[in-house]
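Build me a model from this:
(2 chains)
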Amino acid sequence: MKRIVILSAVLIGCTDPGFVDVLGEAPEGALLSVWGPSAEDVWIAGGQPEAGVLFRGSESTFETMTLPADTPMLNWVHGTAANDVWVGGLSGTMLHWDGAGWTDHSEPVEEAIWGLYARGPEDVWFVGGESRWGGETARVFHYDGLSMQSVELPTELGDVPNMFKVHDDSSRMWFVGAGGAAAFETEEGLRPAATGFSGDLVTANLGTAETLIVVGGRGTGNVFEQEGERLTELTATPAGLNGVVGLPGHALVVGESGFMAMVDRSDGTVTPIEVPVRDILHAVWIAPDDTVYSVGGNLGTADPTFHGTLIVGPLPETP
Amino acid sequence: MMKTLGPLLTAALLVGCPGGDDDDMALYWAEQTGDAALLMDASLQDSFDRGREVMTRDFDPSAGLGPTFNADSCSSCHQAPVAGGSGPRYRDFWLVFSERFDGSLEAVGSNGESPVRNLYATGPSFHIGEPEDTAVYARRQAPSGLGVGLFAFVDDEDILANADILDEDGDGISGRANFEERTVGRFGFKSQAASLESFNRGAMFNQMGITSDPLFFDIPGAPDAFARVQQTGSTLDWLIPSAFAQVSALGQPTVDEDGVPDPEMSNADQEDLLIFSTYIAPPAMTDLDDTGRLGELLFGSTGCESCHLPSLPSTVGELPAYTDLLLHDMGPDLDDRVIAGLATGTEWRTAPLWAVSLHGPYLHDGRADTLHDAITAHGGESEASRDRYLALPEAEQQAIVTFLRALGGGDIEDQNMALPESPLPEVGEMGGPRPGLSAEELARFDAGRRAFDRNITVAEGLGTHFNADSCRACHRDPVIGGAGGVDVNVIRYGQRDLDGVWSSLDANVLPRSVIAGLNPGRLPDAANVIEWRNPPTILGTGQVDGISEAAILANADDEDADGDGISGRARILADGRVGRYGWKANVPSALDFVADALLNENGLTIDPSLSDFTAASDDDDVADPEVSTAQVDDLTFFLMTVDQPQRKTAEDTAAADRGEAGFASVGCADCHLPELDGVAAFSDFLLHDVAPDAMVLVEQDPGVLPTEYRTSPLWGLSDTGPWLHDGTAFTLEDSIVRGHFGEASASRIAFEALPEADKADLLAYLNTL
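Predicted structure coming up:
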């Protein structure tokens, strides 16, 4: 096991890029994903377990989109354009927005859809698995423009309860999940990727970097880089990580207890960034105009109702 | 009685204590071992006391125990020398992992979410074994909780100040912090937990299957730090802000599927437990003699102090805990491959040394019987210090050990549960001696009781496989010599094929533990019959020994000649003696009972000329016999002289009197004879076919039906639950309804037909026994 060094400086080397708490504790529910086709059109997904919510807007102005009746909590949003947006949520929920209305592509499963990635209108991947609200095994689906197909995970991964995210490395799709499970797409199906890691891998992202970066961990965080057909640990953080955006030479990560940091991919140095919230941050996204959006809330706590968090600020300068 | 340090004495003890500047020393200690630190605000005493009750509370399945578990109470593991302390070797547990294609480890623990291997399962399965391909068994000792909670008051910065991640000072010692959700970790063998609350909740779930909700607190500096406390109705508004950092883990609720609504522990109970575990204190350090002072100097000069810092600053004063709470690489011999937060397999938190001598065996896996062994096992960053220690003359090594024993509790260091100065129970008190013993006999009783209570070391012959490392381990409820909880049940197993033909598999018993270096036994995949055996009370054994064989035989009615539906037969052993001990009446005398238990529960041999129930040799490296005849005599004398449980006075004597009549009228007294040969054990000591046909049972002995059991003595009944041979009845009514079939069917049916008030009367009577 590679020994990761966190310099004590990481705890005091904070910067203040001016993040703003936009929503306070949004009563609509926990917020789990943020993405947009443009800087002016940002989509945020989340909700309460029984009632999903989708915000659309930019910076500090957002409107609530109308969702099909009985749409449960939404966990991820991604698309290719303003008229080609997908959301996934609890109980196999998979919805497509064509610019005018919703089409329901949900699968009749108890498992949650935790992540999705739209490579094109006819090439969309969904992943998910168990949640507090049902299900017991990892799920992978692929939509080819006509139908939704279930995809088998490699047997080498064993009984994986969850795959959390899916992301394109510009040549093939990668899948990451519980217990260090990772796989990538080949013409013969999915193949396992070695990680040497037993913790949860929560999110993968390419961003503007050259290779994929993956984060995870509970309590403490772990940052991995794609090296060919495996993931190699780059560094660790003092809080578990849920969200990441790849940048040239760096990565912006977010996680538990309002943790946000810039990771230097050359040496693994972690530089925390002070933000005005202490909720769990689930996702981070950088708009084309370099505005950073990060969302979170109190999902995963014993609170009977969830609230959401949105912070917005400029892209921090890399140290 | 526990050791008490009076105010004047304690003031004196602080003069010249180890740990440096006394003026800055917090009142970290308590006047009695197991009490709250003197620094605790008096307003918290009630909560602390309630927390001790939560710590010692026995959970049963109706309260949420399971679906899998290792312990039925917190104090099952944290028992020595007081509730909240550490666990003897028999309470060690394992983290289990299989290895995946890329070398990473996959947790394969019993509850499906953690790596903790649970020995027991509620419901019909009784035990859920780890997979056959389990590759890693990482052993863990139940660590002491004395003083540990005070680490909550250490600021992150004061821990980080000692980190030297890149070993910039070139002393060969680095040290780095672990974290949990941005807070510096400090609890657990790998400092993996920053919050005592989350540490408690994790243990409750992993070891007992008790679910809980996280307590809501924000970390220092966060806005509205108290707001959420008020929202959740918490009573913890007294906590000083620095403590909030340690109860801030925003963990998820734990949930399970045992049919009991989650959370199974209320927030109020959890808060009290948190107070108890935060403030339970280590014993005060004792004054150093010349040897101790030499040891203190050598402790510094050998480099031990580099990691075992004499004190840590905290918001409640200096804590002389002899730890830096940092992770250190301890070398390959201590590598268990388990990653916890940032800690790798070789990295371990510097163990706190205050009261260390109270908590052997030592190291995370209890591999070291002695402090010397523990020091010798140090490697990695501590290798140089260890080598300097080993290079010392033996007397100077011993001086260091003397110094360590002075760090609190050395004066009560013992291998016994009963503290050294604790008095014997009085005559008439539960666990006390029979009346009329001479002073010499009382001394023998005391010696035997201490032998019964004493933890046995590996060097003395424990193991290799064992269920307990003392007799008391399984016989301590509610006193030394009592019964055992469900969490010390023996697991028996075997195989029955489709035709019902029974096959033994190996030893038929899954030992709960093994000596260091071995992996615990694994149930063969072919085992399809699993059964528990609960340790019964041994109080009154001497009286049972005194019952004549003729008296037992007089009640036997093998062929049911009197046609009452109850037969009952005496267990005639191969040598012609009548068996009377054990669930199958397979043991004829107290001496044989001692021999049988030492061999099968402890892995200890005695002189085979004393009993047929021992073995000439066993599979460890210790010369046989491992227990001297004098020790056997002491143990046997204790069993022969410990008095029977005393009858209790019912709250409603009229109801109990009516219940006594009902006990006779429904037929209970036909087998549970109120008196036999002058002994009021409520047993005929005969075998009866009473188990339900549907109960799939282990065939233990040739010539005894699986459904046959000795009539269980009922004395002390109310204090010896859970009941039935397998300890699966957690109420007396349940034990009657579920455990009495076959010959006992008529009585059970008669009981079930009673009006509820009459049932209550009968149960009230049973509670007086």
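
Contact partners for the nearest residue to residue B:434 once chain neighbours are set aside?
Spatial nearest neighbour of residue B:434, chain neighbours left out: residue B:643 (4.5 Å); criterion: C-beta to C-beta, 6 or more residues apart in numbering or on different chains. For glycine as for every other residue, the C-beta is placed from the backbone atoms N, C-alpha and C. Applying C-beta atoms under 8 Å, 6 or more residues apart in numbering or on different chains to residue B:643 gives the contacts B:427, B:428, B:432, B:433, B:434, B:435, B:539, B:540.

Now restrict those to buried residues only.
B:432, B:433, B:434, B:539, B:540 (16 or more other C-beta atoms under 10 Å in any protein chain shown).

Verify the stated contact: residue B:285 with residue B:320.
Yes. The criterion here is C-beta atoms under 8 Å, and residue B:285 meets it with residue B:320 at 6.5 Å.

The two: which is more packed in?
Set side by side, residue B:285 and residue B:320 show more neighbours around residue B:320, with 30 against 24, by other C-beta atoms under 10 Å in any protein chain shown.

my read: that one touches residue B:283, true?
No. Between residue B:320 and residue B:283 there is no contact under C-beta under 8 Å: 11.9 Å.

Count the residues that sit near residue B:124.
With other C-beta under 10 Å as criterion, residue B:124 counts 9.

what about it, distance to residue B:694?
10 Å (C-beta to C-beta, to the nearest Å).

one step back: take the buried ones among the contacts of residue B:643 and lay them out in TSV including pLDDT.
Below are the buried ones among the contacts of residue B:643 laid out as TSV (pLDDT from 0 to 100):
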residue	pLDDT
B:432	96
B:433	97
B:434	96
B:539	95
B:540	94
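
What residues does the stretch 151-300 of chain A have near chain B?
The interface of the stretch 151-300 of chain A toward chain B, taken as C-beta under 8 Å from any C-beta of the partner chain, is made up of A:156-158, A:179-180, A:192, A:194-199, A:219-220, A:230, A:236-240, A:256-257, A:259, A:278, A:280, A:298, A:300.

which SSE is residue B:584 in?
Residue B:584 is part of no helix or strand when elements are defined by DSSP states H and E.

In the stretch 501-650 of chain B, which residue sits nearest chain A?
residue B:525 (18.0 Å; C-beta to the nearest C-beta).

Now do the SS call for whichever residue of the stretch 551-700 of chain B sits closest to chain A.
Nearest residue of the stretch 551-700 of chain B to chain A: residue B:696, at 28.4 Å (C-beta to the nearest C-beta). When classified by DSSP: H, G, I helix; E, B strand; the rest coil, residue B:696 comes out as coil.

can you tell me how far it sits from residue B:530?
Taking C-beta to C-beta as the measure, residue B:696 falls 9 Å from residue B:530.

which one of those two has more residues nearby?
Neighbour comparison, residue B:696 and residue B:530: the larger count goes to residue B:530, with 22 against 14 (by other C-beta under 10 Å).

Quick one: residues in contact with the one helix or strand the more buried one maps to.
For residue B:530, the element it lies in under DSSP H and E is strand B:529-533. For strand B:529-533, contacts defined as C-beta under 8 Å, 6+ apart pick out B:120, B:125-127, B:486, B:489-496, B:502, B:523, B:583, B:696-698, B:725-728.

Just the pLDDT for the residue nearest to residue B:434.
Residue B:643 carries a pLDDT value of 96.

okay but residue B:202 is in contact with residue B:193, surely?
Yes. Here residue B:202 reaches residue B:193: they are 7.1 Å apart, a contact under C-beta under 8 Å.

Between the two, point out the one with more neighbours.
Neighbour comparison, residue B:202 and residue B:193: the larger count goes to residue B:193, with 26 against 21 (by other C-beta under 10 Å).

which residues does the more buried one form a beta bridge with?
Here residue B:193 sits in beta bridges with residue B:187, going by DSSP bridges.

which ones are touching it?
B:180, B:185, B:186, B:187, B:199, B:202, B:249.

and the stretch 251-400 of chain B, which of its residues are near chain A?
Counting by C-beta under 8 Å from any C-beta, the residues of the stretch 251-400 of chain B near chain A are B:251, B:252, B:253, B:255, B:263, B:329, B:339, B:341, B:342, B:344, B:345.

Among those residues, name the buried ones.
By neighbour count, with 16+ other C-beta under 10 Å, these hold B:251, B:253, B:255, B:263, B:329, B:339, B:341, B:342, B:344, B:345 as buried.

Chain neighbours aside, what residue packs nearest to the residue of the stretch 551-700 of chain B closest to chain A?
Nearest non-adjacent residue to residue B:696 (C-beta to C-beta, 6+ apart): residue B:529, at 5.3 Å.

State the pLDDT value of that neighbour.
Residue B:529 is given a pLDDT of 90.
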